[in-house]
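In: Need coordinates for the following:
(one chain, ligands or ions: 1)
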Amino acid sequence: MRIPFTKMHGLGNDFIMLDAREQDLPDLTAATVAALADRHTGIGCDQLIVLEPSNRADFRMRIYNSDGGEVEACGNASRAAALLHGRAAAVETGGGIINISRSESGARVDMGQPRFEWDAIPIDYAMDTLHLPVSWEGLTDPSAVNVGNPHVIFFVDDLAAIDLARLGPVIETDPLFPQRVNVNVAQVSGGAINLRVWERGAGLTRACGTGACATAVAALRRGLVQSPVKVTLPGGTLTIEWSEGQSIIMEGPATESYRGTFEWSDYA
Ligand SMILES: N[C@H](CCC[C@H](N)C(=O)O)C(=O)O
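Out: From the prediction side, this is the model:
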């Protein structure tokens, strides 16, 4: 069975987009996702996204990391969905309903309100989530935020000095985080944020939209920046707006790279 797909990215965080709103897809297993996501033997992507019908919103967006695991939220893919859909829409995700629309710079996404309770992150036991009393080598005093998916955020003085490729997986899989965690390391300078992310289930990516949202919220809660705040990742810059009790608004580009088809049986 030939399956059409659209290859897209948000600041270099790249996706295979499958549209199952009009046509059913065969059952997607974790192994099939991982095979499609493989950059050497498959098509290659950080996440695989499936758009499906929804009876709660205009459509549903299902998000699979390149390790095959399904997760609740993906900021950059939300902007890619806005580009693909072509107009404003309410989108059902595992993390709740988000609202996407087209904008000058690409797309604008209302990511809903962040969650801070320790059991909403989730963390394994009660603690202050603005200043967690934990550390991993040189990374200390993080915040934790759930923006539909779980994030831990470290603020450092020298981002380039952090070996995130080594520390990321150690923190991602620490038992403190029962659903694992996306690991954000940020440096604040001149009222803006520089960010690198080790993504749960995907590793180092060129950008992470939910990471930018979680980090901006943590920095705002700590009084390190003011809203709206620019968050620059290796792939480019996002603008995040938030204040206490409000939704997070993320704005930034989304790009269609190419369209193609693949033979399902090659990956199933
Ligand atoms: N790795 C993330 C999902 C993708 C998030 C990232 N690609 C984004 O743009 O938000 C997680 O397991 O929660």
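
In: quick one, phi psi at Ala214?
Out: As for Ala214, its main-chain torsions (degrees, to the nearest 10) stand at phi -60, psi -40.

In: ok, and the closest non-adjacent residue to it?
Out: Nearest residue to Ala214, sequence neighbours excluded (CB to CB, 6 or more residues apart in numbering): His151, at 3.5 Å. To be clear about C-beta, it is placed using only N, CA and C from the backbone, and glycine gets the same treatment.

In: residues in contact with the one you found?
Out: Neighbouring residues of His151 by CB atoms under 8 Å, 6 or more residues apart in numbering: 144-145, 181-184, 210-211, 214-215.

In: same check, this time on Gln226
Out: Counted by CB under 8 Å, 6+ apart, Gln226 has contacts 191, 220.

In: That one in helix, strand or coil?
Out: Following DSSP: H, G, I helix; E, B strand; the rest coil, the label given to Gln226 is coil.

In: ok, now how distant is it from Leu233?
Out: Distance of Gln226 to Leu233, computed by CB to CB, to the nearest Å: 20 Å.

In: Likewise for Glu52?
Out: Glu52 is 28 Å from Leu233, where distance means CB to CB.

In: Repeat that for Glu72.
Out: Applying CB to CB, the value for Glu72 to Leu233 is 21 Å.

In: Ok, Val188 next?
Out: Computed as CB to CB, the Val188 to Leu233 distance reads 14 Å.

In: Stretch 157-173 and the ligand, any residue contact?
Out: No. Judged by CB under 6 Å from any ligand atom, stretch 157-173 makes no contact with the ligand; its nearest approach is 9.1 Å.

In: Alpha carbons of that stretch, as PDB, please.
Out: Provided in PDB are the C-alpha atoms of stretch 157-173 (Å, rounded to 0.1, in the frame of the first residue of the first chain):
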ATOM      1  CA  ASP A 157      26.000  30.700  32.700                       C
ATOM      2  CA  ASP A 158      27.800  29.000  29.800                       C
ATOM      3  CA  LEU A 159      25.500  26.900  27.600                       C
ATOM      4  CA  ALA A 160      28.400  25.800  25.300                       C
ATOM      5  CA  ALA A 161      30.200  24.200  28.300                       C
ATOM      6  CA  ILE A 162      27.400  21.700  28.900                       C
ATOM      7  CA  ASP A 163      27.900  18.200  27.500                       C
ATOM      8  CA  LEU A 164      24.100  17.700  26.800                       C
ATOM      9  CA  ALA A 165      24.700  14.700  24.600                       C
ATOM     10  CA  ARG A 166      26.100  12.900  27.700                       C
ATOM     11  CA  LEU A 167      24.000  14.300  30.500                       C
ATOM     12  CA  GLY A 168      20.700  14.500  28.500                       C
ATOM     13  CA  PRO A 169      19.900  10.700  28.400                       C
ATOM     14  CA  VAL A 170      21.000  10.300  32.100                       C
ATOM     15  CA  ILE A 171      18.500  12.900  33.200                       C
ATOM     16  CA  GLU A 172      15.800  11.900  30.700                       C
ATOM     17  CA  THR A 173      15.700   8.400  32.200                       C
END
